[in-house]
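S.K.: Any chance you can model this:
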Amino acid sequence: MEETVITEKQLNELYETLKMNSELVGEWNNRLMASCEDANWSEVVYERAKILREVYQENEKLFNEFFSSLPMRMSWQEWDLLFELLWNLHENSLYVVSFGLRLARYLLPHYEDMRDFAKIVFLNYAMGCAHYLLFDQTLNADGPSEWLQYFERITTYEDHYAEIPREAYRGLFFTAYLNLIQYSAEYPSLSGRASEFRDRCMALWNREEVQKLDGNAPYVKAIVRNVEEQYLNILSMNPSCITNAEEYCVLAEQALNKMGRINLKSDPLGYYKIMENSYKRIQKQTSEEASVVSMSDYILKALPAINFEKSDSKRTWQLLRNEHSCFAYAAKALKKLPAEKGNLLQGALNRLIKDSVHTPHTFYPEDFNWTFYEFYGLAAPLLDNAEDKLSLLLNLILRRQPTTYVHSIMVSKIARMIGESVLEHNPSLFIGLLGYATEKEILENREKILSYVERSGLLHDVGKCRVAIIINTQDRKLSEDEYGILKYHPSLGAKLLEDDPDFTPYVDVIRGHHKTYDGKGYPKDFDNVNSPVRVLIDLIRLADSADAGTDVLGRYYTHGKTFQMILDEFKADAGTIYNPDLVALIENDKELCEKISHQTSDGRMELYQKICIEVMNMHKNA
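M.R.: Residues are numbered from 1 along each chain as shown. Sure, this is the predicted structure:
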């Protein structure tokens, strides 16, 4: 049998196809939003769905054929061609988590055997970046920290710095330290090591051979400056990462003296402003209350208004990051004060809600999706009622993910339809919900029950916004790593809301909506069978499946089915996956079936357009 040979032409064609497919997805996503108010929008939607489904199938075929055809034995030239393909993918941020991670795992053992330090450094960087996208961009500090070991591993090759021929690869030593410093305050495995990493980084930079090679190299010098800035950020936001308060004050005083006057030009991200407040608090030069007031005044008076239509994106990014960093600092200080002092941050809170809610969903989502998620956790306790919290949750988190937002509203609508049928034909199924113990109480509180059902559908997938980078991957099959993370979303959604009494009634539904009627599914440690709201979990499971199974507009891994086909699946799996009482009720209520059929066909298109118009106009009137 003739051995497969890898050629440069073959890999170039593969790269260009992957690049073209990625650009095609971006082009059609932009076209979808740009035309959402046009008369021919439905045509654009269907054409986009057709093309993205073709991209999905082609990418899956390319990935499978590529890895299955790799020869058992390769020449060094073939290994290097594969390496250059991976480099090009990373340079253009193409399929880093899927194709790129799998290729990096394949290449690393070979180059470790060859002791090719340039390629070893890059491959560890590639593995670290891919795992960062998987874990930190989704689970954050709730996830595993092993991915940081790839960056630590890079630093062990410092003695081979001069042997690495390309400046871009040498710069990865400093990028590794940048990442280690950035996460030293978040992950227990790196706790308290920010100063160590900064000192080791500067020691490397000051080596004679490093200065000779890169002392005047703009690219490497810029990374070293970023290391200093990130270290300053960690010091300002997390004084506890310097365990000795006296040492912290010495470092802070030196930095502040060097800075001189703090203004937006010298401190665009607010690091020095925060450090100044931390220093004064530790030195007892100001009180906690005065510190909160100072930061609030800074946000309201020193930071100019944000305008997404007129300001340049870099300046807008800096202002948004600045106000969020300063607010986070002040909100944490506020927690140490009596509850009646909560109004000290009201003005700043109103400004941040306004700016955050009106941030376009395409505006640096890799930076701000998690920022807004954290902001909700800080802002919700300062809001007076459940309606304000729900509004913020929807506008700040769900609406920024149009696919999840449309799905959530679809599920809420279908759930209400089923709920109305339950109240008409078998209201005893709802006994126990909201504490109502009889059919009479259930029927007397009809609207409260239906609102509860509807909002359960609206909130069931809020945890998906923590894994948006995975949810928004519709142009290829998810990897095993990605699917494993996706299964965290019920637990993540429950964790966001479980400590808030206003959302306690929804937590079991959020946590259990991927559990089956007989207790299987995920998360494995949640017992839906014995939940006091089991029937509602079962109802949302049905509504969720009805929408997902019939979706032809936003799920390109499937062609979608009619609701009648989904109903047949419900009947086939009644008693195992689905609640048999609810399935029988749906089957016997022809009017309900017609309503759900309409909602999952023409109704979805109407809703999809409405949501796209909302999302497209998020930044207006800010």
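S.K.: pLDDT on stretch 429-436, on average?
M.R.: Averaging pLDDT along stretch 429-436 gives 96.
S.K.: scratch that, stretch 28-44 is what I was asking about
M.R.: Here the average pLDDT along stretch 28-44 is 88.
S.K.: Can you measure across that stretch, start residue to end residue?
M.R.: This stretch, stretch 28-44, spans 8 Å end to end (CA to CA, to the nearest Å).
S.K.: residues making contact with that stretch?
M.R.: Contacts with stretch 28-44, where a contact means CB atoms under 8 Å, 6 or more residues apart in numbering, come from 45, 47-48, 51-52, 605, 609, 612-613, 615-616. The C-beta positions use only the backbone N, C-alpha and C, and glycine is treated the same way.
S.K.: quick one: the worst-scoring helix or strand of the chain on mean pLDDT to chain centroid distance?
M.R.: Every helix and strand in the chain was compared by mean pLDDT, DSSP states H and E; the lowest is helix 468-471, with a mean of 76. Offset of helix 468-471 from its chain centre (CA atoms, centre = their mean, to the nearest Å): 6 Å.
S.K.: related to what we said a few turns ago, so which pair among the contacts of stretch 28-44 is furthest apart in space?
M.R.: 51 and 613 (22.0 Å; CB to CB).
S.K.: Compare the two (neighbour count), which wins?
M.R.: Higher neighbour count among residue 51 and residue 613: residue 51, with 16 against 13, using other CB atoms under 10 Å.
S.K.: In contact with the more buried one: list those residues for me.
M.R.: Residue 51 neighbours (CB under 8 Å, 6+ apart): 24, 28.
S.K.: Tell me if it really is in a strand.
M.R.: No: according to DSSP: H, G, I helix; E, B strand; the rest coil, residue 51 belongs to no strand; its state is helix.
S.K.: related to what we said a few turns ago, emit the ChimeraX select command for whichever of the contacts of stretch 28-44 are buried.
M.R.: A single ChimeraX command selects the buried members of the contacts of stretch 28-44 (16 or more other CB atoms under 10 Å):
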select :45,48,51,52,609,612,615,616
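S.K.: and which of the contacts of stretch 28-44 is nearest to residue 184?
M.R.: Closest to residue 184, out of all of the contacts of stretch 28-44 and judged by CB to CB, is residue 615, at 35.9 Å.
S.K.: Which helix or which strand is home to that closest one?
M.R.: helix 602-616 (DSSP states H and E).
S.K.: Give me the helices and strands touching the least confident helix or strand of the chain, please.
M.R.: Helix 468-471 sits against helix 365-379, helix 402-425, helix 480-486, with contacts defined as 3 or more CB pairs under 8 Å, 6 or more residues apart in numbering; DSSP states H and E.
S.K.: Identify, out of those, the most deeply packed stretch.
M.R.: helix 402-425 (a mean of 22; mean count of other CB atoms under 10 Å).
S.K.: got the angle for that one vs helix 602-616?
M.R.: For helix 402-425 against helix 602-616, the angle between stretch directions is 140 degrees (axes from the mean of the first three to the mean of the last three CA atoms, to 10 degrees).
S.K.: helices and strands around helix 402-425, which ones?
M.R.: Right, helix 402-425 is packed against helix 446-459, helix 468-471, helix 534-550, helix 580-588, helix 590-599, helix 602-616 by 3+ CB pairs under 8 Å, 6+ apart.
S.K.: May I see the ones you listed arranged in a markdown table, with distance to residue 35 as well?
M.R.: Output for these, formatted as a markdown table (distance: least, CB to CB, whole Å):
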| stretch | distance to residue 35 |
| --- | --- |
| helix 446-459 | 27 |
| helix 468-471 | 23 |
| helix 534-550 | 24 |
| helix 580-588 | 36 |
| helix 590-599 | 23 |
| helix 602-616 | 9 |
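S.K.: Distance of residue 271 relative to residue 388?
M.R.: Remark: distance between residue 271 and residue 388 (CB to CB, to the nearest Å) = 31 Å.
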